[in-house]
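Engineer: Give me coordinates for this.
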Amino acid sequence: MSKNNLIYIAGGLWGIIGVFLITRGINMYQLAVDEQNSTQMGIIFSVTIGILVGFFKGLFVLSKSARKNRSRIQGLESPVKIHHIFSKPFYGLIAGMMLLGVLLRNFNEYLGGYIVVAGVYCGIGVALMVGSRAYWKSETEAPIEETV
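Structural biologist: Residues are numbered from 1 along each chain as shown. So this is what the prediction gives:
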């Protein structure tokens, strides 16, 4: 497997998981309406905050992580394997985030209900999608010429 393929797979995973989390969030908004009688204004507020926070987290935090991972992959010695897609500590972070997601869903009533958890899920989904752009961008962009 080539390093570029590994980079593209990593970016694709971030994007796919982002879409999955947004879909889960949308389903939780439906649960918020059906089971917890959430209002339309509450849902609009939650969606808006989730998208905005997610966008900026993806732009400023996850993009940086993606660039670091991309550089790490490019620095690996060939041949690379699929398990090199993320660093070893990152796999622990993934497991921790999955556990946190389960806890958020199961204890949603203590956190403000499905409407809050859905906003978190959608925000993280948007952040992953925005952050995944770093895997697709070319590292060697043309330098900007300065005029004196």
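
Engineer: Please make it C-alpha for all contacts and neighbour counts, starting now.
Structural biologist: OK.

Engineer: tell me the SS of the most centrally placed residue in the chain?
Structural biologist: Compute the mean C-alpha point of the chain, and by Cα atoms, centre = their mean the closest residue is residue 128, 2.1 Å away. Residue 128 carries the three-state label helix when classified by DSSP: H, G, I helix; E, B strand; the rest coil.

Engineer: Verify the contact between it and residue 17 for me.
Structural biologist: Yes. If you go by Cα atoms under 8 Å, residue 128 and residue 17 touch, sitting 7.4 Å apart.

Engineer: quick one: average pLDDT of stretch 71-86?
Structural biologist: Stretch 71-86 carries an average pLDDT of 92.

Engineer: Quick one: residues in contact with that stretch.
Structural biologist: Under the contact criterion Cα atoms under 8 Å, 6 or more residues apart in numbering, stretch 71-86 has outside partners 1, 2, 3, 4, 6, 7, 9, 10, 69.

Engineer: Buried by neighbour count: which residues of it qualify?
Structural biologist: Buried residues in stretch 71-86, counted by 16 or more other Cα atoms under 10 Å: 73, 74, 80, 85, 86.

Engineer: picking that back up, buried subset of the contacts of stretch 71-86 as a PyMOL selection?
Structural biologist: This is the PyMOL syntax for the buried subset of those, where burial follows 16+ other Cα under 10 Å:
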select buried, resi 3+6+7+10+69
